[in-house]
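Peer 1: sharing a sequence plus its predicted fold:
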Amino acid sequence: MVQDLKQWNPHLWPPFTQIQSSSPPATVKEAEGALLVTENGNKIIDAISSWWVTLHGHANPYIAAAIHKQAHELEQVIFADFTHPQAERLASRLSKLTGLERLFFSDNGSTAVEVAIKIACQFWQNRGVPKYQIIAFEGAYHGDTFGAMAVGERNLFNAPFEKMLFPVARLRWPSTWWGDDQIEAKEKAALIELKKLLETPTAAVILEPLLQGAGGMAMVRPSFLRAVETLIRQANTLMITDEVLTGFGRCGELFAYLKAKIKPDLIAISKGLTGGFLPMGVTLAREEIFQAFIGEEPKLTFWHGHSFTANPLGCAAANASLDLLENNPEAYVNFESRHLNHLKAIAHHAKVSKPRLIGTIAAFNIKIKGKKGYLNSIGKKFKEMALERGVLIRPLGDVVYLLPPLCIDDTQLEKCYSVITEILNEL
């Protein structure tokens with residue numbers, strides 16, 4: 001499919017899109033709850049939370065009001081020289097929720113990961129301990145800045161920069177699904193690999209707890225992560241959990257690491273942090289790590305910052321979003337049960353394989369011929385067919401998933417599964 005480029009806006013450069021082979025996007029003029037409304041009046045169920053960020057629904061009035069109020073009081077201030085009430089309140093709340101005492105603010109998920117990697121590496125240098133190796137998992141995605149790309153899966157997306165990325169040790173991610181009878185062997189092999197890699201002095205192990213998102217909604221068991229943590233502690237290294245996707249109830253508890261019953265040293269969060277209203281990232285660290293950066297020598301300082309660090313509007317949105325989560329935890333705690341019967345029904349379809357479910361996220365693979373993975377054209381075809389039926393689903397190649405906002409009602413969720421079934425029948 002070759003597009004007439006004149007149909008596209010002459011100034012916009014869309015992310016993750018080859019416009020030569022893609023259809024021009026529709027214009028969304030407004031949104032409310034789980035619905036997007038295009039300029040021609042079509043209503044579309046946002047079944048992926050607009051790239052996993054819209055937590056409580058679009059145009060949530062409580063968060064919107066908090067931002068409005070804050071905008072009339074303080075919209076921005078340099079955080080290297082000042083603090084402000086919204087940042088202090090948010091830091092206190094997140095510290096209490098996670099048990100990690102120190103917060104470093106940035107702008108998005110990729111920079112939150114970047115900060116975590118830099119802190120982990122400098123921590124050991126500040127202590128005079130020569131540890132430089134970073135360990136990551138195959139299939140991981142941690143963002144598109146250089147450090148985040150380095151610890152992510154090396155593939156077509158970052159191939160032009162391969163020679164500029166620092167080396168990373170990798171091991172297999174033992175993903176699992178309903179009816180997986182090989183999981184014990186996969187986990188054992190991965191743990192053997194990790195133990196071997198940890199023989200080299202290691203600054204940190206980074207992972208997406210319970211779920212690799214962009215890697216295909218690839219899920220692992222909590223018991224595997226607990227075994228990983230045990231090996232990390234034995235090797236006296238740091239564990240970074242990337243909760244950019246999995247945080248704020250997406251996996252059925254406030255943070256995925258809590259569900260896995262592990263305790264990371266550093267946590268990166270973003271996406272649902274502000275309820276999807278404004279870009280913001282946070283890296284949380286243990287107090288012991290922070291103390292290694294305190295001293296008279298300038299070289300001990302963490303020389304990193306962003307213009308919009310701890311932006312008051314973003315902090316106000318994040319505090320409002322936390323209010324909503326604290327006032328109604330059932331919205332995310334019980335979401336898995338809303339998916340369950342629908343996924344069970346679709347799991348028996350002839351074109352479905354590897355059904356899996358955790359919290360608000362349901363996924364499966366489409367049985368296809370040819371090369372599997374993100375670049376398989378079945379995903380683009382599936383998305384177009386779903387949009388024609390009023391549902392935004394954005395498969396990761398041959399992986400179809402639903403990750404809707406918490407506010408989606410039962411009728412809307414049922415329609416999502418109905419549309420998926422219709423498309424499977426037509427493929």
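Peer 2: Nice, thanks for sending it over.

Peer 1: show me what stretch 104-118 is in contact with.
Peer 2: For stretch 104-118, the surrounding residues in contact (CB atoms under 8 Å, 6 or more residues apart in numbering) are 79, 87, 119, 134, 142-148, 151, 204, 206, 240, 242, 244-245, 266-271, 279-285, 302, 304, 306, 308-310. In short, each C-beta sits where N, CA and C put it, glycine included.

Peer 1: could you do stretch 373-392 as well?
Peer 2: Against stretch 373-392 from outside (CB under 8 Å, 6+ apart): 22-23, 36, 42-48, 156, 214, 216, 366, 368, 370, 393-400, 415-416, 419-420, 422-423, 426-427.

Peer 1: show me which of these are buried.
Peer 2: Neighbour-count burial (16 or more other CB atoms under 10 Å) is assigned, among these, to 36, 44-48, 214, 216, 366, 368, 393-400, 415-416, 419-420, 423.

Peer 1: can you list the domain ranges for this structure.
Peer 2: Following automatic domain parsing, one finds the domains of the chain at 5-59+334-426, 74-327.

Peer 1: can you lay out these as CSV showing distance to residue 65 and mean pLDDT?
Peer 2: Shown next, in CSV, are these (distance: least, CB to CB, whole Å; pLDDT from 0 to 100):
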stretch, distance to residue 65, mean pLDDT
domain 5-59+334-426, 11, 95
domain 74-327, 8, 97
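
Peer 1: residues near the closest residue to residue 407 other than its chain neighbours, how many?
Peer 2: In space, and not counting its chain neighbours, residue 407 is closest to residue 57: 3.6 Å by CB to CB, 6 or more residues apart in numbering. If you count neighbours by other CB atoms under 10 Å, residue 57 ends up with 23.

Peer 1: residue 57 against residue 404, yeah?
Peer 2: No - between residue 57 and residue 404 there is no contact under CB atoms under 8 Å: 9.3 Å.

Peer 1: and the residue nearest to residue 407, how far is that from residue 42?
Peer 2: Look at residue 57 and residue 42: by CB to CB, to the nearest Å, they are 18 Å apart.

Peer 1: circling back to that earlier point, ok, the residue nearest to residue 407 - contacts?
Peer 2: Residue 57 makes contacts with 32-34, 405-408, as judged by CB under 8 Å, 6+ apart.

Peer 1: who wins on neighbours among those residues?
Peer 2: residue 405 (28 neighbours).

Peer 1: isn't there a strand covering that residue?
Peer 2: No - going by DSSP: H, G, I helix; E, B strand; the rest coil, the assignment for residue 405 is coil, not a strand.

Peer 1: surely it touches residue 58?
Peer 2: Yes - under the criterion of CB under 8 Å, residue 405 makes contact with residue 58 at 7.5 Å.

Peer 1: what touches both of the two?
Peer 2: 33-34, 46, 276.

Peer 1: which among these gets closest to residue 69?
Peer 2: residue 276 (18.6 Å; CB to CB).

Peer 1: which stretches of the stretch 1-150 of the chain form strands?
Peer 2: 28-32, 35-38, 43-46, 102-106, 133-137 (DSSP state E, counting those that start in this stretch).

Peer 1: between the ones you listed, which gets nearest to residue 192?
Peer 2: Of all those, strand 133-137 sits nearest to residue 192, with 13.7 Å by CB to CB.

Peer 1: inside helices: which ones of the buried ones among the contacts of stretch 373-392?
Peer 2: Residues of the buried ones among the contacts of stretch 373-392 located in helices (DSSP state H): 415-416, 419-420, 423.

Peer 1: ok, those vs residue 258, which is closest?
Peer 2: Ranked by distance to residue 258 (CB to CB), these are led by residue 416 at 27.5 Å.

Peer 1: apart from its neighbours in sequence, what residue is nearest the closest one?
Peer 2: Spatial nearest neighbour of residue 416, excluding adjacent residues (CB to CB, 6+ apart): residue 47 at 4.9 Å.

Peer 1: how far away is the one you found from residue 387?
Peer 2: With the distance defined as CB to CB, residue 47 ends up 11 Å from residue 387.

Peer 1: kindly report the same for residue 150.
Peer 2: Per CB to CB, residue 150 is found 35 Å from residue 387.

Peer 1: so which of those two has more stuff around it?
Peer 2: Set residue 150 next to residue 387 and count neighbours by other CB under 10 Å: residue 150 wins out with 21 against 18.

Peer 1: thought the more buried one was touching residue 165?
Peer 2: Yes - contact between residue 150 and residue 165 holds when scored by CB under 8 Å: they sit 4.1 Å apart.
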